[in-house]
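Peer 1: Here is a sequence with its predicted model. Questions after.
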Amino acid sequence: MPELPEVEQVRISLLPHIVGKTIEKVRVDLPKMILHPDPDAFARRLQGARFTGVRRRGKYLGLELEGGDWLLVHLRMTGALLALPKDQQEPPYTRMAFFLSGRENLYFTDIRTFGVAALVGEDGWRDKGYESLGPEPLEPALTAEYLRARAKGKTTVVKGFILDQSVIAGLGNIYADEALFAAGIRPTRRVNRLTRKEWEALTLGVRAVIHQGLEHHGTTFRNYQDADGKMGDNSRYLQVYHRKGLPCRRCGTLLKQIKVAGRGSVYCPHCQK
DNA sequence: ACTTCTACCTGAGCGC
DNA sequence: TGCGCTCAGGTAGAAG
């Protein structure tokens, strides 16, 4: 569920709860979510470790540990990291619990169980998805020229292209639709048919919608919440996502929803060409 | 190599 | 109320 702005909000809200805290014990309830090492070694190696920071890359979180190891986390569709007082009941759908020094514990909850975690350290293990991430939307490396070059020789639809995490890190279905609306480009357009001008508009659109999402602490529709259980308020500012059949905020035309690259996609038939 | 489809899960919302 | 169906903010791997 969470895309870049939501994951960034999780990162920020997590910091005061875990930095400086020691992991006294780890309980893994859903072994398949641990990518590396095996769940027993995972829990054992984390025991006694201390959190020193939290970083984000695309939709991945890196929970940094003293000594250089770090915990790679991807929330996928419905994952959440929640910090709660020890005397409070564990949240529903808890898949993993970190019992910390101090007054709180950290819970990895996940309804659909797609979320994953891994311990990354000296043993050289790498996560493929993480390693192949493209540039961050707000970094200077994301330019129209870069996108055009990456699209060279491809014929795929632009919606699928910008959802590809190796092209741009962090866009998901919401912000992809929003970026395409901002750029005036239909999600079904083929990347080999986009003009330079459109690549420019798309680059600006991606930056703008991600920036806006960050400002509003992310978008919440159903499951997403930050480490304090708070919701983002960006949904109020969305132009197309979840607005099928409603009038375009720019021109009044009724917004359409179609399936593109396997994902529900909303667009304005008048504003997007 | 590229593109599209399917699977992985659970729950919410819809029509009947 | 309840059943069956579709859809959901993601991505890896298979199939074409």
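Peer 2: Everything's here; your move.
Peer 1: Which residues does the helix or strand where A:Leu15 lies contact?
Peer 2: Under the criterion of DSSP states H and E, A:Leu15 resides in helix A:4-18. For helix A:4-18, the external contacting residues (C-beta atoms under 8 Å, 6 or more residues apart in numbering) are A:2, A:51, A:53-56, A:58-61, A:63, A:75, A:80-81, A:83, A:100, A:104, A:106, A:136-137, A:169-172, A:175, A:210, A:213-214, A:216-220, A:224, A:226-228, A:230, A:232, A:234. In this view, the C-beta of every residue, glycine as well, is placed from N, C-alpha and C.
Peer 1: now those: which count as buried?
Peer 2: The neighbour count (16 or more other C-beta atoms under 10 Å) marks A:2, A:51, A:53-54, A:56, A:58-61, A:63, A:75, A:80-81, A:83, A:100, A:104, A:106, A:136-137, A:169-172, A:175, A:210, A:213-214, A:216-220, A:224, A:226-227, A:232, A:234 as buried among the contacts of helix A:4-18.
Peer 1: so which of the residues you listed are also by DNA strand C?
Peer 2: Filtering these for proximity to DNA strand C by C-beta under 7 Å from any atom of the strand leaves A:Pro2, A:Gly58, A:Lys59, A:Gly172, A:Gly218, A:Thr219, A:Thr220, A:Tyr224, A:Gly232.
Peer 1: Please identify which two of those residues are farthest apart in space.
Peer 2: Farthest-apart pair in those is A:Gly58 and A:Thr220; separation 19.7 Å (C-beta to C-beta).
Peer 1: so where do the strands sit in chain A?
Peer 2: Secondary structure of chain A (DSSP state E): strands at A:23-28, A:34-36, A:51-57, A:60-65, A:70-74, A:79-85, A:94-100, A:104-110, A:116-120, A:256-260, A:263-267.
Peer 1: right, and those - which one's nearest A:Leu202?
Peer 2: When the strands of chain A are compared by C-beta to C-beta, strand A:263-267 sits nearest A:Leu202, at 13.5 Å.
Peer 1: The closest one: partners in the sheet, and parallel or antiparallel?
Peer 2: Sheet pairing for strand A:263-267, assigned by DSSP bridges, gives strand A:256-260 (antiparallel).
Peer 1: Tell me if the partner strand is near DNA strand B.
Peer 2: No: Strand A:256-260 stays clear of DNA strand B (C-beta under 7 Å from any atom of the strand), getting no nearer than 8.3 Å.
Peer 1: So for that strand, mean pLDDT?
Peer 2: Throughout strand A:256-260, pLDDT has a mean value of 95.
Peer 1: Pop the domain breakdown of chain A in here.
Peer 2: Domains of chain A are assigned by the TED database as A:4-132, A:144-267.
Peer 1: Turn the ones you listed into TSV, columns for distance to A:Lys273.
Peer 2: What follows is the domains of chain A, written out as TSV (distance: least, C-beta to C-beta, whole Å):
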stretch	distance to A:Lys273
domain A:4-132	26
domain A:144-267	6
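Peer 1: So the closest residue to A:Pro135 other than its chain neighbours versus DNA strand B, what's the distance?
Peer 2: With C-beta to C-beta, 6 or more residues apart in numbering as the criterion, A:Pro135 has its nearest non-adjacent residue at 3.8 Å, and that residue is A:Ala141. Distance, A:Ala141 to DNA strand B, by C-beta to the nearest atom of the strand, to the nearest Å: 19 Å.
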